[in-house]
Structures are given as C-alpha cells and as structure tokens.
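> What would the 3D arrangement of this be:
(one chain, ligands or ions: 1)
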Amino acid sequence: MDGHSSHLAAQNRSRGSQTPSPSHSAASASATSSIHLKRKLSAANASAASAAAAAAAAAAAADDHAPPFPPSSISADTRDGALTSNDDLESISARGGGAGDDSDDDSDDEEEDDGDNDGGSSLRTFTAARLENVGPAAARNRKIKAESNATVKVEKEDSAKDGGNGAGVGALGPAATSGAGSGSGTVPKEDAVKIFTENLQASGAYSAREENLKREEEAGRLKFECLSNDGVDDHMVWLIGLKNIFARQLPNMPKEYIVRLVMDRNHKSVMVIRRNLVVGGITYRPYASQKFGEIAFCAIKADEQVKGYGTRLMNHLKQHARDVDGLTHFLTYADNNAVGYFIKQGFTKEIYLDKDRWHGYIKDYDGGILMECKIDPKLPYTDLSTMVRRQRQAIDEKIRELSNCHIVYQGIDFQKRDAGVPQNTIKMEDIPGLREAGWTPDQWGYSRFRGLSDQKRLTFFIRQLLKVLNDHSDAWPFKEPVDAREVPDYYDIIKDPMDLKTMTKRVESEQYYVTLEMFIADVKRMFANARTYNSPDTIYFKIATRLEAHFQSKVQSNLQSGAGKIQQ
Ligand SMILES: CC(=O)SCCNC(=O)CCNC(=O)[C@H](O)C(C)(C)COP(=O)(O)OP(=O)(O)OC[C@H]1O[C@@H](n2cnc3c(N)ncnc32)[C@H](O)[C@@H]1OP(=O)(O)O
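Below you'll find the predicted structure:
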C-alpha cells in the first residue's frame, strides 16, 4: 500500500539536462494559452475549440520547425537535436510544480468534464478499489474467482449410472482406473473429459481483463489511437483531454511541461478513447535512429484505474512502437509509486540497452526510477490474451490427463455435537475420494499405532494418556475450558481453545479420536494456547511446558515399549 500511496507525495520531476530554448518557450506559451482558450470553448462548442487548438498547435509547429507527424517521418535524431527543449521548466520547477499549483490553473480543472476531478487522488481510488473490491473491477474479479472455483463434482448418481460402488465416488485418470483396488465407480473417460472441458477455467485475471477490453474494441465501444499534434480537430481535442488527465494524475509534473510534450510533434500519444472521451494514454518520444522510445507520461483517469486499461494501453503502445516506429526498447523514468505497474508491463530496473543508444537522448528526471522494457519482436501484443488462454488451456488439459487433483468430491456430513464430536460416524474408507487419492487402510493413522487397529483399543490407550494428564499436579489450569467471564479477552486471542474436559468428552464419544495423532494434536494445541496467551514468566506458561514434557515422555516410552499399557 505504501508503494501505491507514494504517488501523492511523489518527487517533483525536474529535468536536469535540458537546454533552455527561446523558440520553444514561445511555442509553449502560445500553445498553452491557446489551449486554455480551447478548454473554455470546448464546453460550448467542441469544434470551434478544436479549431483554436489546431491553431495553437500550428503556432507551436511553426516554432518547432518540425514537420507534421507521420510515423515514418521520424528519423535521424541527433544527440543535440533530439532533446525536447524546456526553456521555462526551471521557473516552473521553482514553483514547486506540485498539487498546490492547481490554484494557478483552476480553470483547467474545472473544465475537465471527464469526472476526473478528485483532487488527484488516484491513489485513494486505487487503494479503495483494491481493498473494498467494489465496482466493475470487483464484479469482474468476483466472476473470475467464481470461475476459478469452478470444480467438477462427481455425483453419486453419476457413479451409480456408470457402475459405481456404494462409496458413491467417481474418479478420473490412471489413479481412478487402478483405483487402489477399491473398485470404486468411475466416470468413463470421455464423459469426464467432457465435464472437465466444460468446466475448464478459460482465463486468469489478466486474460479476462484483456479479453473483455478486446471485445469492447471489437464492438466499437473502445478505441486506441496513436496520435500526435497534427492539427486535426478531433485529434487535438483528444490530445488536450489527455493532457488534462496527465495534469491531474501527475500532480507533481509542471502543467506547462505536460502541454509542451503532449503537443510537441516529436512526441506521440497512444490513447484509450471511450465514447469519444479520453480515458488515459501514454505520451512517448520515439527515437527512430536509436530504435528506442522514451515514455514521458502515462496515466489513466482516476475512476478508470485498475480495470486493465493501463495494460491494454501498454500492449497497444508496444505493438505500434514495434510495427510502426521500428523500436526495440522503451525507457522511462517511472514514478516510485508506479514502479509496480511498470514491472507488470515487463519493465525492469536493470538497463540492458547499450548505454550509447540512449545516453544523452532521454530527459533526466529527479525522483524517478529509470526502467527499461524490451519489445519482443514476435509477440502479438494486442492479442496476448488469446495466446495466454490457449497456453493455459493446453496446460490445464495436460494436468487433467495426468492427475485427478481437480476433482472435488462431495463433502462429508460432519454435523457436530458437544466438544466437536460428530453426530454420525464415518469410516475412513468411506471418505469420498480418499481411496482414489491412493489411501489404503494400512496408511496414516493406523501405521504408527500397530497393534491397536480397532477403535476400542485406541480409545483405551487415549483414555490412559488422558488420565496421566489429569492426575498430574500441574493439570489444574487445563481441567476446564477457560471462562470468558474471568478472562474476557481470552477468546479474542485464542481462536482454537482446548482443555482436558473437552478432550475427555471426545474420548468418551469413542468416535472422535480415530487416530492417536488426533488426540496428540489436541494436547499440543492446549499447551500451545497456554504459551500463546501467557507470557513466559507466568506460572501458566511454565507448567504448560512442564506438563507437556511429562506427557511426551509417557507417550514416547509407551509407544516404544508396545502401546496399550501405560506405565505410570
Ligand atoms: C512515466 C510515468 O508517467 S510514471 C507515472 C505513472 N502514472 C501514474 O502514477 C498516474 C496514476 N496512475 C495511473 O494513471 C494508473 O494507475 C496507471 C497508468 C499507473 C496504471 O493503469 P491502470 O489502468 O490502473 O492499470 P491496470 O488496471 O492495467 O493494472 C495493471 C496491473 O498493474 C497494477 N497496478 C496499477 N497501478 C499500479 C501502481 N500504481 N502500483 C502498483 N501496481 C499497479 C494493477 O493492480 C494490475 O495488477 P494485476 O494485473 O496483478 O491485477
């Protein structure tokens, strides 16, 4: 959570390697003021406003001496020429550039009609979305969870139909057919395969989100555009919408600087657009000659974060950068709070790209972590979900061929009476699925207690062990359950209490302790509870340890000398 929260207090980004340039200053001022104008107009008349913006862009372009952007026209950057100038940045940085700057630019914020006016609290939105698990993302997650919990039930009727036995369990795979000699009813392989294929969990959370957004794209409700300042009305409106989102989501970044880069014709912006409104985007500068791109800004509107847009956006960016710009790498200075997001997008803090290729090209930022992402030459970035789904399906099918661990059997009717003693007894071998999992009666539970294979002898032995405990002079604190009236917070701390009286009830039921280990586990828990609740200097702590040691030595000596006879 800290990691996420830090973005509100993110370091000011300031560029150290920029050379002031009067011409850019003029362009920037012009663009900025025109954009202000455009914003005011946009509420009333988007088309007139975008014309104003286009005019602003044209002014900026004229100053820039940069040709209008076609992707292929970006070429031959030189180190001297590659940097985007930032003449007035120093003065902007000196202002602090933080969220407090909002007062200088209130009109900007008020005119954002995108609902993104939460005071830059994307962190809160992010955290709330994660913690509260509400909203569409939560619904999506819940659905995914439900999917992932989808299990295959092999009902009694199935096994009966298929020639099953009285145990009422079915099974699949090699273990089932060998059946540990149980002759349990099995579901024929073809049927089972059908059941399992139908229940196959088609996608994980990542794929589900991606596929959902992909469907939205295919239905025309969502689009991803890669644009730069080309003077086209719609494009200018979107660029300004994106600039607003950056200004809001990156509160420590000077707004003038954001305008500068978003409108700079050497930069491109990949945007998510829904119902003609910008949801978020990434502004980057492709250095075609160096075959890498520098991501300057990346943000999604506060109320649309953690819904997968950021990932889909990055995938579109990678695909475009590789296929259109011919890039092989991305570099970015990630804000500390966004490092987690970039890592999930395949960025690393280690920079493997040859320093000669990027040093001197990218802008230096204070308070950010330089990260790199290698763009895969082949991956279908915009269709990764299909690839992941197919791989997942293939692996799942293979696992199901080799194992039946995905089968969930009917539960056991285990209604309890006093002291947790079950109402109905159930034989070990009747537990659905146990034999299918390879269990045989000579295994766990009986093996360590050879010679006492029947319940009566086991009960007799446990009763004797319990007497050893009860008769000891240190037993007094353990005789009864702890009284909550006397120790009010006991059950807040000890969630699984145990005492000698409860154990006695369990023994006397002659049903509960079907193995010696079950009894020993209760004894251990009773002592562990005493040591958890009480501090080591208390009498309770000390006698718990003393009584436990006494008990262990009795169990040990009796198991060694042939169980069944307690030596007092
Ligand atoms: C170069 C720069 O611009 S650095 C600044 C980056 N921008 C910001 O910090 C602005 C505020 N944040 C945002 O705008 C957005 O949260 C973004 C752009 C960081 C991420 O976009 P989202 O649409 O929220 O991402 P998306 O929903 O695709 O999440 C992808 C994964 O990253 C995780 N993630 C998203 N944001 C963060 C974060 N800030 N820190 C850690 N993990 C994150 C998500 O939980 C998700 O994980 P999962 O796949 O395990 O479930």
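
> just the helices in the stretch 301-450 of the chain please.
For the stretch 301-450 of the chain, helices defined by DSSP state H, counting those that start in this stretch occupy the ranges 309-323, 339-344, 355-358, 384-402.

> Take those and write them to TSV, including mean neighbour count and distance to Asp499.
No exception for glycine: its C-beta is placed from N, CA and C like everyone else's. Putting the helices of the stretch 301-450 of the chain into TSV (neighbours: other Cβ atoms under 10 Å; distance: least, Cβ to Cβ, whole Å) gives the following:
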stretch	mean neighbour count	distance to Asp499
helix 309-323	22	53
helix 339-344	16	47
helix 355-358	12	69
helix 384-402	15	44
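
> Leaving out the residues flanking it, which one is nearest to Thr332?
Closest residue to Thr332 apart from its sequence neighbours, by Cβ to Cβ, 6 or more residues apart in numbering: Ile295 at 3.7 Å.

> Would you confirm that the one you found contacts Asp335?
No. Counting by Cβ atoms under 8 Å, Ile295 sits too far from Asp335 to count as a contact (11.4 Å).

> Now for Ile300: which residues touch it?
Ser122, Ile245, Gln249, Val272, Val279, Gly280, Tyr309, Gly310, Leu313 (Cβ atoms under 8 Å, 6 or more residues apart in numbering).

> Closest residue of the stretch 401-550 of the chain to the ligand?
Nearest residue of the stretch 401-550 of the chain to the ligand (Cβ to the nearest ligand atom) works out as His406 at 23.8 Å.

> so that residue makes contact with Arg400?
Yes. Between His406 and Arg400 a contact is recorded at 5.9 Å, counting by Cβ under 8 Å.

> and Met371, how far is that from Leu331?
Separation of Met371 from Leu331 (Cβ to Cβ, to the nearest Å): 7 Å.

> what's the overlap in contacts for the two?
Common neighbours of Met371 and Leu331, counting by Cβ under 8 Å, 6+ apart, are Ile351.

> Check which residues of the strand or helix carrying Ala521 are buried.
Ala521 belongs to helix 516-533 when assigned by DSSP states H and E. The neighbour-count check on helix 516-533 (16 or more other Cβ atoms under 10 Å) flags Leu516, Phe519, Ile520, Asp522, Val523, Arg525, Met526, Phe527, Asn529, Ala530, Arg531, Tyr533 as buried.

> Am I right that the third one is in contact with Val555?
Yes. Taking Cβ under 8 Å as the contact criterion, Ile520 and Val555 are neighbours in contact, 6.9 Å apart.

> Could you report the pLDDT at Tyr498?
No Tyr there; residue 498 is Met. Looking at Met498, its pLDDT is 98.

> check contacts around it.
Residues near Met498 by Cβ under 8 Å, 6+ apart: Asp522, Val523, Arg525, Met526, Asn529.

> As a check, name the ranges of all strands in the stretch 251-400 of the chain.
Counting by DSSP state E, counting those that start in this stretch, the stretch 251-400 of the chain has strands at residues 268-274, 277-287, 292-300, 329-334, 369-374.

> Confirm that Pro481 sits in a helix.
No. Pro481 is assigned coil when assessed by DSSP: H, G, I helix; E, B strand; the rest coil, not a helix.

> Measure how buried Ser535 is and give me the count.
8 (other Cβ atoms under 10 Å).

> Tally up the residues packed near Met416, please.
No Met there; residue 416 is Lys. Residues near Lys416, counting by other Cβ under 10 Å, number 10.

> Show the model's pLDDT score for it.
pLDDT for Lys416: 75.

> ditto for the one 5 residues further on
pLDDT, the model's per-residue confidence, is 83 for Val421.

> My read is that it contacts Gln511, right?
Yes. Taking contacts as Cβ under 8 Å, Val421 lies within contact range of Gln511: 6.0 Å.

> Got the phi and psi for Arg435?
Main-chain torsions, Arg435, degrees, to the nearest 10: phi -70, psi -40.

> Give the residue spans of the stretch 401-550 of the chain that score low on pLDDT.
443-453 (pLDDT under 70).

> Can you name the residues of it sitting close to the ligand?
Proximity of the stretch 401-550 of the chain to the ligand, by Cβ under 6 Å from any ligand atom, involves no residues.

> okay if I get the strands of the stretch 251-400 of the chain as CSV plus mean pLDDT?
Listed next are the strands of the stretch 251-400 of the chain as CSV, based on pLDDT from 0 to 100:
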stretch, mean pLDDT
strand 268-274, 98
strand 277-287, 98
strand 292-300, 98
strand 329-334, 97
strand 369-374, 97
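
> Please identify which of those is closest to Ile258.
Ile258 sits nearest to strand 292-300 of all these, at 6.5 Å, using Cβ to Cβ.

> what does the domain assignment say about this protein?
Domains of the chain are assigned by the TED database as 204-387, 448-563.

> okay, these, which one's buried deepest?
Mean neighbour count (mean count of other Cβ atoms under 10 Å) peaks for domain 204-387 among those, with a mean of 20.

> And that one, end to end?
End-to-end distance of domain 204-387 (Cα to Cα, to the nearest Å): 12 Å.

> before we move on, the earlier item: kindly reformat the helices of the stretch 301-450 of the chain as a markdown table containing distance to Phe541.
Formatted as a markdown table, these follow (distance: least, Cβ to Cβ, whole Å):
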| stretch | distance to Phe541 |
| --- | --- |
| helix 309-323 | 52 |
| helix 339-344 | 43 |
| helix 355-358 | 61 |
| helix 384-402 | 47 |
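
> Which one of the ones you listed lies nearest to Ser473?
Ser473 lies closest, by Cβ to Cβ, to one member of the helices of the stretch 301-450 of the chain: helix 384-402, at 56.2 Å.

> quick one on the thing from earlier: now the two most distant members of the buried residues of helix 516-533.
Farthest-apart pair in the buried residues of helix 516-533 is Leu516 and Tyr533; separation 26.5 Å (Cβ to Cβ).

> OK, contacts around Ala299?
Counting by Cβ under 8 Å, 6+ apart, Ala299 makes contact with Ser122, Ile245, Phe246, Arg248, Gln249, Leu250, Gly280, Gly281.

> Check the gap between the residue lying closest to it once chain neighbours are set aside and Asp303 for me.
Closest residue to Ala299 apart from its sequence neighbours, by Cβ to Cβ, 6+ apart: Gln249 at 3.6 Å. Per Cβ to Cβ, Gln249 is found 11 Å from Asp303.

> What of Tyr490?
Applying Cβ to Cβ, the value for Tyr490 to Asp303 is 46 Å.

> what's the answer for Asp364, then?
From Asp364 over to Asp303 the distance is 33 Å, taken as Cβ to Cβ.

> who touches the helix or strand just after the helix holding Ala521?
Next helix or strand after helix 516-533 toward the C-terminus (DSSP H and E): helix 539-560. For helix 539-560, contacts defined as Cβ under 8 Å, 6+ apart pick out 448, 461, 465, 468-469, 472, 474-475, 477-478, 520, 523-524, 526-527, 530-531, 533-536, 564-567.

> ok, back up a step: just the CA trace of the helix holding Ala521, in CSV.
C-alpha atoms of helix 516-533 as CSV (Å, rounded to 0.1, in the frame of the first residue of the first chain):
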residue,chain,number,x,y,z
LEU,A,516,-3.7,-41.3,18.1
GLU,A,517,-2.4,-38.3,16.2
MET,A,518,-5.7,-36.5,16.5
PHE,A,519,-5.5,-36.8,20.3
ILE,A,520,-1.9,-35.7,20.4
ALA,A,521,-2.8,-32.7,18.2
ASP,A,522,-5.4,-31.6,20.7
VAL,A,523,-2.9,-32.0,23.6
LYS,A,524,-0.3,-30.0,21.8
ARG,A,525,-2.8,-27.3,21.0
MET,A,526,-3.8,-27.0,24.6
PHE,A,527,-0.2,-26.4,25.6
ALA,A,528,0.5,-24.1,22.7
ASN,A,529,-2.6,-22.0,23.6
ALA,A,530,-1.3,-21.6,27.1
ARG,A,531,2.0,-20.4,25.9
THR,A,532,0.4,-18.0,23.3
TYR,A,533,-1.8,-16.3,25.8
